[in-house]
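Engineer: Predicted structure and sequence below. I'll ask about it afterward.
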Amino acid sequence: MKTLIVGGGLSGLAVAEALESQGHDYLLVEARARFGGRIKTHHHGEGYFDMGPAWFWPGQPRIAALMDRLNLQKFNQYSDGVLTFEDENGRVQRGKGISSMEGSWRVVGGLSALTTALADRLPEQRKRLDAPVSTLERVEDRIVATLANGEQIVADQIVLALPPRIAAQIAFSPALPAATLQAMQNIPTWMAGQAKAIAVYDTPFWRDAGLSGDAMSRKGPMVEIHDASPAQEGQYALFGFIGVPPQARSDEHLLRDLILAQLSRLFGLEAAAPEQLYLKDWAFDPYTSTEADKAPLYAHPTYGLPPAMSRLWSARLHFAGTEVAQDFGGYLEGALEAAENVVLSLNAGKWT
């Protein structure tokens with residue numbers, strides 16, 4: 001039986017690697033020109049800077065085990081020093097608040113080292129880039145996937161390793177039940193409405209001044225800032241989550257000016273002249289975000305696989321991705337949890 005995995009982020013890669021190790025017939029297709037999904041690492045000199053997720057935590061066994069198996073190294077998020085707070089008028093205070101990321105871990109080489117290592121374990125003939133799926137049609141006991149270029153792939157089962165709202169944009173024939181589509185559209189895509197800025201420097205001047213790099217702001221445009229420096233010395237960075245709503249941050253030139261002005265207020269004049277300022281606005285990434293995802297999230301959503309999204313097309317259509325993980329939905333661990341659940345279903349003989 002052939003399995004088509006749609007989506008080459010962490011969850012899709014984990015499903016593919018498991019099927020490869022078990023000798024199953026499969027193909028992994030990814031719409032982007034790279035694997036990794038929301039995991040995206042920029043390299044600057046010897047430095048590496050995650051523009052999507054950056055952390056994992058103790059008590060997350062799947063990613064810890066995967067790191068060990070892939071011989072990747074972790075390091076502690078930097079949090080030594082005084083915290084910074086900026087009020088709505090731009091007044092800066094020191095020592096107020098807590099380091100919200102203290103105790104978290106990052107990956108040496110950036111998180112793309114993880115997804116690249118997984119992708120490299122897959123034979124070339126088992127993976128495809130630049131291959132967005134536009135339609136899925138069930139024809140008797142087979143499923144025909146049509147790519148955007150018109151190419152068709154025939155499979156026995158489908159794993160949609162995508163955010164459910166993105167998966168809902170695929171044309172299904174026969175149409176999925178209304179309750180299923182509604183359930184898919186009701187699941188917020190984790191972090192899809194976020195934008196992230198990373199300013200790269202050749203010296204950690206904030207550390208030298210006794211600052212941790214952690215800052216909270218009520219003025220913005222960044223609302224939460226942390227030290228994003230790599231494990232090794234030589235490149236240093238500060239990153240921030242941009243709190244301006246997606247509809248108000250379309251002027252990138254203005255946004256860059258506002259970010260540099262804010263960094264200067266928070267950390268001094270040196271902060272206004274980074275070697276590089278990277279921006280990634282996930283809200284305008286068509287393979288991550290929908291219009292519904294541009295609405296702000298004020299709390300961590302309740303994730304998991306709704307009953308309406310289970311056992312579709314005679315249990316041949318399945319969902320993976322962090323948004324359908326029951327225990328760790330929204331986290332990297334959740335992407336691996338969802339992948340594990342799909343593979344367990346296969347091994348239990350439910351895909352027959």
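Structural biologist: Okay, I see it.
Engineer: so residue 93 sits right up against residue 85, yeah?
Structural biologist: Yes - with contact defined as C-beta atoms under 8 Å, residue 93 and residue 85 form a contacting pair (4.7 Å). Any C-beta I mention is one placed from the backbone N, CA and C, and that applies to glycine too.
Engineer: the more surrounded of these two?
Structural biologist: Neighbours were counted for residue 93 and for residue 85 using other C-beta atoms under 10 Å; residue 85 has more, 17 against 11.
Engineer: which strands and helices sit next to the helix or strand the more buried one falls within?
Structural biologist: Secondary structure from DSSP states H and E places residue 85 in strand 82-86. Contact analysis of strand 82-86 by 3 or more C-beta pairs under 8 Å, 6 or more residues apart in numbering; DSSP states H and E lists strand 92-94, strand 211-217, helix 252-267 as its packing neighbours.
Engineer: what's in contact with the last one?
Structural biologist: By C-beta atoms under 8 Å, 6 or more residues apart in numbering, the list of residues contacting helix 252-267 from outside reads 84, 86, 90, 92, 197, 199, 205-206, 209, 211, 213, 215, 217, 219-222, 225, 238, 240, 242, 244, 249, 271-274, 277, 279.
Engineer: Could you do the second one as well?
Structural biologist: Taking contacts as C-beta under 8 Å, 6+ apart, the residues outside strand 211-217 that touch it are 78-86, 94, 97, 99-101, 206-207, 222-229, 238, 240, 243, 262, 266-267.
Engineer: Please list all residues in contact with residue 3.
Structural biologist: By C-beta under 8 Å, 6+ apart, the residues touching residue 3 are 19, 24-27, 155-159, 346, 351.
Engineer: and it, which of the three is it?
Structural biologist: Secondary structure state of residue 3, per DSSP: H, G, I helix; E, B strand; the rest coil, is strand.
Engineer: Can you read off the pLDDT for it?
Structural biologist: Reported pLDDT at residue 3 in the predicted model: 96.
Engineer: in the stretch 201-350 of the chain, which spans are strands?
Structural biologist: Ranges of strands within the stretch 201-350 of the chain are 211-217, 222-227, 236-242, 276-281, 317-320, based on DSSP state E, counting those that start in this stretch.
Engineer: Residue 129: neighbouring residues, count only.
Structural biologist: 14.
Engineer: where's residue 208 relative to residue 314, distance?
Structural biologist: 63 Å (C-beta to C-beta, to the nearest Å).
Engineer: I'd like to know which elements the helix or strand of the chain with the lowest mean pLDDT is packed against.
Structural biologist: Ranking every helix and strand in the chain by mean pLDDT, DSSP states H and E puts helix 332-347 at the bottom, with a mean of 93. Judged by 3+ C-beta pairs under 8 Å, 6+ apart, the packing partners of helix 332-347 are helix 10-21, helix 61-69, strand 157-161, strand 317-320.
Engineer: before we move on, back to that, quick check on the contacts of strand 211-217: which are buried?
Structural biologist: Buried by 16 or more other C-beta atoms under 10 Å: 78-79, 81, 83-86, 99, 101, 206-207, 222-223, 225-229, 238, 240, 243, 262, 266-267, out of the contacts of strand 211-217.
Engineer: element containing the residue nearest in space to the middle of the chain?
Structural biologist: Of all residues in the chain, the one closest to the mean position by C-alpha atoms, centre = their mean is residue 38, 3.0 Å from it. Remark: residue 38 resides in no helix or strand, with elements defined by DSSP H and E.
Engineer: sorry, back to before: tell me which of the strands of the stretch 201-350 of the chain sits most buried.
Structural biologist: strand 317-320 (a mean of 26; mean count of other C-beta atoms under 10 Å).
Engineer: contacting residues around that one?
Structural biologist: 5, 7, 11-12, 15, 136, 143, 157-161, 164, 167, 305, 309, 312, 335, 338-339, 341-342, 345, 351.
Engineer: Number of residues surrounding residue 220?
Structural biologist: 17.
Engineer: Let me know the pLDDT of it.
Structural biologist: 94.
Engineer: Would you list the phi and psi of the residue lying closest to it once chain neighbours are set aside?
Structural biologist: Once flanking residues are discounted, residue 220 sits nearest to residue 243: 5.0 Å by C-beta to C-beta, 6 or more residues apart in numbering. In terms of degrees, to the nearest 10, the main-chain angles of residue 243 are phi -90, psi 0.
Engineer: My guess is residue 243 contacts residue 225. True?
Structural biologist: No - with contact defined as C-beta under 8 Å, residue 243 does not count as touching residue 225 (10.8 Å).
Engineer: quick one, what contacts the nearest residue to residue 45 once chain neighbours are set aside?
Structural biologist: The shortest distance from residue 45 to any non-neighbouring residue, by C-beta to C-beta, 6+ apart, is to residue 235 (5.5 Å). Residues in contact with residue 235 (C-beta under 8 Å, 6+ apart) are 44-47, 200-202, 229.
Engineer: quick one on the thing from earlier: arrange the helices and strands packed on helix 332-347 in JSON lines, one row each, with mean pLDDT as further columns.
Structural biologist: What follows is the helices and strands packed on helix 332-347, written out as JSON lines (pLDDT from 0 to 100):
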{"stretch": "helix 10-21", "mean pLDDT": "98"}
{"stretch": "helix 61-69", "mean pLDDT": "98"}
{"stretch": "strand 157-161", "mean pLDDT": "97"}
{"stretch": "strand 317-320", "mean pLDDT": "96"}
